[in-house]
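1. take a look and give me a structure for this.
(chains A, B and C)
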Amino acid sequence: MSNRTKFALIDCNNFYASCERVFEPKLEGKPIVVLSNNDGCIIARSNEAKALGIKMGAPFFKVKNLVAKNNVVVKSSNYPLYGDMSSRVMKIIGEYSPVQEIYSIDESFIELERLPFNLMSHMQSLRQRVKSWTGIPVCVGIGSTKVLAKLANRIAKKYSRFNGIFDIDDLPYDRYCKLLQSIEVGDLWGVGSQSAKKLNRIGIHTSYDFYKADVGIIETLLGVNGKKVYQELYGNSCIPIEVIPPTRQQIVSSRSFGSDLKDFDELNQALTNLTRKAVNKLNNHKLATTTITVFIYTNPHKKDKPYVHLSKTVGMTSAIQDESQIIPLVAQILRLIYKPGHSFYKGGLVLANLTKDYQQQDLFSVNQNPKIESFKLQKSNTIRGVNKKFKESIKYASELGNNRWLPRAEFRSNRYTTNWSELLII
DNA sequence: TCTGGGGTCCTAGGACCC
DNA sequence: TCTGGGGTCCTAGGACCC
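-> Modelled structure (predicted):
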C-alpha cells in the first residue's frame, strides 16, 4: 500500500462564490449565487445557497422568488477575476509537489509519491497557505488513483471533522465498502447521467454495486472509460496525471446574445467580436487553423416557434492565423447560412484542425509576392502590438454597431485584480 | 444460393467533464 | 420577459484504398 503512487485532488470550495467573498468580506456567511453568461443560469452557489435548495444549473428566472425571499446575494459571472484568482491558487499548489496537473479552473491534481513529508501536515500547510495568501478555501482528497482522490475530496468537503483533508487509503476494507454503498454510481467521476441510467436498468445503483459488478459487463455497457473507472476503484491507476496540457484540438467561441437578433449586420457584429476572441486565443497558443465552422440558432426553449439551427463548415487548403483573413471569412460564411425572418438567440464559431505549422503555403495559390506577404505579416503584427498596449483600440468596422448582442451582466462585481480602474478601494 | 480482407480517414453524434 | 460556455474522447458508419 505505502509505496504505491498517491494522488491528491485539491478543489476550491464553491470557487466563484468564494472569489466574490474575498473582495467583499461582508458576504461571509451569507447565501451567494453566481450566474452564467447573460445572467441565464445558476453556475455556482455558496453552502448557504445550496442549503436553501437552489439547484446547480437552474435558470435564474425560475428561482428569482426564492432568491428575493431569502436575501440571496446575486452576482453575474466575472471570469477575468476568477481566472486570475485561479492562477494564483494553482501557483501555490504547484509549490507542494513537482508533479501538478491543472485540471480545471478550480481543481488541481498533484502526485505525492516519495515526498519527504508527513502527508497530512504537508497538505494542511497547503490549505492554510492557499487560504491566507489568496483567501480561497480548498479541500484535499487523497487516494492511490485519481478516481479515489476525487471520491476522497467529496468526503473532505462533506464532513468538517476531517479539517478539509481526507485520505481514502486509510479506510479499512469494510469501511471502504460502506462508503461506496452510500454513493450513487452516477456520482463517480467519469460516470454521467446516461451511463447511470444504463447501469440502473441492470440493477446497479450504488458505487458498491458497480464495484462488485463484472468488469466485462461494465466495459460492454460503458466502453473503455467505464472500465478505467472500475479499475481505479480497485486502486489500479489507469488515468495518469497530465503535467503538460495536450495541444488544443479546437477553439470555440460562442455566446447567447443579450437580445434576439434578426438583422444580418447585428449578427455580423456579434460574430466579429466572437471571432476576434477566438483569433486572440489562436495567436496566444501560436496556432493556425484550416477549418472554420460558423453557426447561429434560434431559442430552443421557445415552443411556439420552430427551432432553426444554421451552420456551415469550411475547410481551407492552407492554414491561416490572422485576424485579417479569418474575420472576412467568417462574415462570408455567415452570409451563406443567414436566413431573414428568424430571431437568433445564440451564435458562434469553431476553429478546428489546429496546426503549429502556419508557414506552409498553398501550392496552387498564385501571386505570392514575398514583399506583399511580408508586408501583410508586418501589418498584423503591428495591429496586434497596438491592441496589446492600448486595449483593443483597433477593431474591424463590422464590430461596431448598436451593441444589441452584448450579454446582460446586471450584477457584475469589479475586476479587482486585472483592471486598474476597478481596484478595491478601502 | 453463393459475393474477401484489411486498413485509413472523415464526420456526426453521444457521452463525459468543469 | 428571462434557460452558459468551453472543452475532450469514443463509436459507428460511410467513403475510399489496395
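2. and for the residue in the stretch 51-200 of chain A positioned nearest to DNA strand B, the neighbour number?
-> Relative to DNA strand B, the nearest point of the stretch 51-200 of chain A is A:G192 (2.1 Å; C-beta to the nearest atom of the strand). Every C-beta, even on glycine, is put in place using the N, C-alpha and C of the backbone. Counted with other C-beta atoms under 10 Å, the neighbours of A:G192 add up to 12.
3. list the contacts for it?
-> A:G186 (C-beta atoms under 8 Å, 6 or more residues apart in numbering).
4. pLDDT at it, what is it?
-> pLDDT, A:G192: 94.
5. sticking with A:S86, tell me its helix or strand.
-> If you go by DSSP states H and E, A:S86 is part of helix A:79-94.
6. A:Q378: what secondary structure?
-> helix (DSSP: H, G, I helix; E, B strand; the rest coil).
7. what about it, distance to A:V279?
-> From A:Q378 across to A:V279, the span is 18 Å (C-beta to C-beta, to the nearest Å).
8. the two: which is more packed in?
-> Using other C-beta under 10 Å as the criterion, A:Q378 and A:V279 rank with A:V279 on top: 25 against 10.
9. check the offset of the helix or strand hosting that one from the chain's centre.
-> In this assignment (DSSP H and E), A:V279 forms part of helix A:264-284. Distance of helix A:264-284 from the chain centroid (C-alpha atoms, centre = their mean, to the nearest Å) equals 20 Å.
10. give me the element the residue of the stretch 301-426 of chain A found nearest DNA strand C is part of.
-> Residue nearest to DNA strand C within the stretch 301-426 of chain A (C-beta to the nearest atom of the strand): A:H301, separated by 3.8 Å. Element membership of A:H301 [criterion: DSSP H and E] is none; it lies in no helix or strand.
11. pLDDT score for it?
-> Listed pLDDT for A:H301 reads 86.
12. what are the buried residues along whatever helix or strand A:V314 lives in?
-> Using DSSP H and E, A:V314 maps to strand A:309-320. Neighbour-count burial for strand A:309-320, counted by 16 or more other C-beta atoms under 10 Å, picks out A:L310, A:A319, A:I320.
13. hey, C-alpha coordinates of that strand in CSV?
-> C-alpha atoms of strand A:309-320 as CSV (Å, rounded to 0.1, in the frame of the first residue of the first chain):
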residue,chain,number,x,y,z
HIS,A,309,-30.1,25.8,-36.4
LEU,A,310,-28.0,27.0,-39.3
SER,A,311,-24.3,26.1,-39.7
LYS,A,312,-21.6,25.6,-42.2
THR,A,313,-18.1,24.3,-42.0
VAL,A,314,-15.4,25.4,-44.5
GLY,A,315,-12.0,23.8,-45.0
MET,A,316,-9.0,25.6,-46.4
THR,A,317,-6.0,24.3,-48.4
SER,A,318,-3.6,26.2,-46.2
ALA,A,319,-3.7,27.1,-42.5
ILE,A,320,-4.4,30.7,-41.6
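14. which strands or helices does that strand pack on?
-> Packed against strand A:309-320 by the contact rule (3 or more C-beta pairs under 8 Å, 6 or more residues apart in numbering; DSSP states H and E) you find strand A:289-298, helix A:323-337.
15. any weak-confidence spans in chain A?
-> A:1-3, A:357-368 (pLDDT under 70).
16. who in it is up against DNA strand B?
-> Proximity of chain A to DNA strand B, by C-beta under 7 Å from any atom of the strand, involves residues A:103-107, A:150, A:188-196, A:225, A:313, A:315.
17. any of these buried? List them.
-> Buried members of these, scored by 16+ other C-beta under 10 Å, are A:Y103, A:I105, A:D106, A:E107, A:K150, A:L188, A:W189, A:G190, A:V191, A:S195, A:A196.
18. from those, which ones fall inside helices?
-> When those are checked against helices (DSSP state H), the matches are A:K150, A:S195, A:A196.
19. A:I136 against A:A17, yeah?
-> No - contact criterion C-beta atoms under 8 Å: A:I136 and A:A17 do not qualify, at 10.4 Å.
20. okay, these two: which has more neighbours?
-> Higher neighbour count among A:I136 and A:A17: A:A17, with 24 against 21, using other C-beta under 10 Å.
21. so that one sits against A:V33, correct?
-> Yes - counting by C-beta under 8 Å, A:A17 touches A:V33, with 7.5 Å between them.
22. what's the overlap in contacts for those two?
-> Joint contacts of A:A17 and A:V33 (C-beta under 8 Å, 6+ apart) are A:A44, A:R45, A:S46, A:A49, A:K75.
23. quick one: the residues you listed as TSV, columns for secondary structure and distance to DNA strand C too.
-> Below are the shared contacts of A:A17 and A:V33 laid out as TSV (DSSP: H, G, I helix; E, B strand; the rest coil; distance: C-beta to the nearest atom of the strand, whole Å):
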residue	secondary structure	distance to DNA strand C
A:A44	strand	9
A:R45	strand	13
A:S46	coil	17
A:A49	helix	16
A:K75	strand	14
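24. run through the helices of the stretch 101-250 of chain A in chain order.
-> Using DSSP state H, counting those that start in this stretch, the helices of the stretch 101-250 of chain A run over residues A:119-134, A:146-158, A:173-181, A:193-201, A:207-212, A:215-233.
25. reformat the ones you listed as CSV; add distance to A:Y416.
-> Converted to CSV, those look like this (distance: least, C-beta to C-beta, whole Å):
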stretch, distance to A:Y416
helix A:119-134, 12
helix A:146-158, 26
helix A:173-181, 40
helix A:193-201, 37
helix A:207-212, 41
helix A:215-233, 39
